[in-house]
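Engineer: here are the coordinates; sequence isn't available:
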């Protein structure tokens, strides 16, 4: 996990790969965090793929750092 707040636009949308890279974790860890409801993913209606908003990435980073 990265030690500094991710510098991402709050309204931007990021894929699974992008989010894992931004947070400095593996895709497997990210899927585990989704399953355990630590981070919320949304579904793109056009293709059914998961994405995360910048605001959710920043929120998750803060919560994870406290735990």
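Structural biologist: All right, it came through fine. On a predicted model such as this, the values are computed, not experimentally measured, just so you know. Numbers count the residues shown, from 1 in each chain.
Engineer: and the residue of the chain most remote from its centre, how far from residue 29?
Structural biologist: Within the chain, the residue lying farthest from the chain centre (CA atoms, centre = their mean) is residue 46, at 19.9 Å. Separation of residue 46 from residue 29 (CB to CB, to the nearest Å): 27 Å. From N, CA and C alone the C-beta is placed, and that goes for glycine too.
Engineer: ok now the longest strand seen in the chain, how far from the chain's centre?
Structural biologist: In the chain, taking DSSP state E as the definition, the longest strand is strand 50-53. Distance of strand 50-53 from the chain centroid (CA atoms, centre = their mean, to the nearest Å) equals 7 Å.
Engineer: name every strand pairing with it and say which way it goes.
Structural biologist: strand 13-14 (antiparallel), strand 42-43 (antiparallel) (DSSP bridges).
Engineer: what does the last one contact?
Structural biologist: So the one you mean is strand 42-43. 49-53 (CB atoms under 8 Å, 6 or more residues apart in numbering).
Engineer: residue 59: helix or strand, and which one exactly?
Structural biologist: Element membership for residue 59 (DSSP states H and E) is helix 54-66.
Engineer: what comes into contact with that helix?
Structural biologist: So helix 54-66 is contacted by 1-2, 5-6, 8-12, 14, 19, 22-23, 33, 38-40 (CB under 8 Å, 6+ apart).
Engineer: please pick the buried ones from these.
Structural biologist: Buried subset of the contacts of helix 54-66 (neighbour count, 16 or more other CB atoms under 10 Å): 6, 8, 14, 19, 22-23, 33, 39.
Engineer: point out the ones among these that are inside strands.
Structural biologist: residue 14.
Engineer: and the buried ones among the contacts of helix 54-66 as a markdown table, adding distance to residue 58 and pLDDT?
Structural biologist: Compiled in a markdown table, the buried ones among the contacts of helix 54-66 are given as follows (distance: CB to CB, whole Å; pLDDT from 0 to 100):
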| residue | distance to residue 58 | pLDDT |
| --- | --- | --- |
| 6 | 6 | 93 |
| 8 | 7 | 96 |
| 14 | 11 | 98 |
| 19 | 11 | 98 |
| 22 | 10 | 97 |
| 23 | 10 | 96 |
| 33 | 14 | 96 |
| 39 | 11 | 96 |
